[in-house]
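# Mind looking at a prediction? Sequence and model below.
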Amino acid sequence: MRPSLRLPLIAVALCGVFVAVLLALPAATPAEVTGAPRVPVLLELFTSEGCSSCPPADRLLEALDRQPAAGADLIVLSEHVDYWNYLGWKDPYSLPLFSHREQEYARKLGADVYTPQMVVDGKWQVLGSDRDAVLSAVARTAQHPKLPMTITAFRSGRAVTVHVDADNLGTPASLFIAFAADTAQTHVARGENGGRTLTHVAVAQSIKASGNWTGQARRDFSIPVGAVSRGLRIVAYLQDPRSGAILGVTQTKI
């Protein structure tokens with residue numbers, strides 16, 4: 001090779017390498033390109049400590065809580081159903097409320113009632129331990145913006161006061177406030193998970209309905225301090241009363 005051609009050929013080769021590297025990089029999401037805020041997405045895991053198939057879903061919910069989805073702000077809730085309690089272990093976090101809520105989703109979504117089941121934004125249900133299916137549903141729902149909501153909470157004497165601001169833009173909606181322990185751990189003595197120590201995140205303690213929400217408004221809620229533990233998550237969401245779709249959702253921690 002003649003010396004006079006060496007530098008141009010090296011430059012061409014480097015350009016080829018640079019183009020190949022660019023093509024290998026993952027494409028940026030619309031939110032990353034425009035700098036748009038992440039869309040909040042509500043993930044509800046229906047689970048039970050009496051179900052041997054549920055611990056993998058509990059671990060996945062913990063991973064999702066660390067925000068692995070580009071363009072989405074994942075707000076997670078672990079809702080423990082009570083229909084496993086008769087098989088040798090009574091889940092200390094289970095409530096009939098959560099079993100009923102799962103049944104309502106099954107009716108609206110044309111699905112079965114089972115654990116572990118993940119309901120994404122009230123629109124899709126998938127196997128709660130199937131990471132790819134969950135993230136696929138998240139990607140679909142994150143393409144659509146939510147109604148604006150804000151929530152603040154602070155301790156006031158012997159209670160916690162919660163302020164919720166939302167604008168439903170005239171869309172029929174029901175307001176719900178969920179209270180969840182940030183983390184929880186149980187040593188299961190009996191049942192399908194007997195002998196195992198299980199860890200959970202965002203363990204729902206209650207979900208309170210606040211009736212219909214019309215227009216833009218602020219509502220205040222007072223929670224007795226006896227019902228509040230440290231590391232509490234408070235999730236507020238607007239839900240379509242007919243379809244069950246989540247129209248807006250936000251959270252805070254105290």
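Yep, that arrived.

# Do a quick rundown of the helices in the chain.
Here the chain has its helices, by DSSP state H, at 3-24, 30-34, 55-64, 96-109, 131-141.

# mean pLDDT for those: which is lowest?
Lowest mean pLDDT of those: helix 3-24, a mean of 39.

# give me every residue that touches residue 198.
Contact analysis of residue 198 by CB atoms under 8 Å, 6 or more residues apart in numbering lists 49, 55, 58, 185, 186, 188. Any C-beta I mention is one placed from the backbone N, CA and C, and that applies to glycine too.

# can you pull the contacts of the first one?
By CB under 8 Å, 6+ apart, the contact set of residue 49 is 80, 84, 89, 91, 92, 93, 94, 186, 188, 191, 193, 198.

# Distance of the last one relative to residue 91?
Meaning residue 198. To residue 91, residue 198 is 10 Å away according to CB to CB, to the nearest Å.

# Kindly report the same for the second one.
Distance, residue 84 to residue 91, using CB to CB: 7 Å.

# Find residues that contact each of these two.
Shared contacts of residue 84 and residue 91 (CB under 8 Å, 6+ apart): 48, 49, 50.

# Give me the phi and psi angles of the second one.
Its backbone dihedrals place residue 49 at phi -70, psi -10, with angles given as degrees, to the nearest 10.

# Leaving out sequence neighbours, find the closest residue to it.
Of all residues not flanking residue 49 in the chain, residue 91 sits nearest, at 4.3 Å (CB to CB, 6 or more residues apart in numbering).

# Now for the one you found, how many residues are close by?
Neighbour count of residue 91, defined by other CB atoms under 10 Å: 24.

# Okay, it and residue 169: tell me how far apart.
Taking CB to CB, one finds residue 91 at 39 Å from residue 169.

# Which parts of the stretch 151-254 of the chain are strands?
All strands of the stretch 151-254 of the chain, identified by DSSP state E, counting those that start in this stretch, fall at 159-167, 173-187, 197-213, 216-224, 232-239, 246-253.

# Please spell out which residues along the third one are buried.
Going by neighbour count (16 or more other CB atoms under 10 Å), the buried part of strand 197-213 is 198, 200, 201, 202, 203, 204, 205, 207, 213.

# Just the closest of those residues to residue 138, please.
residue 202 (15.8 Å; CB to CB).
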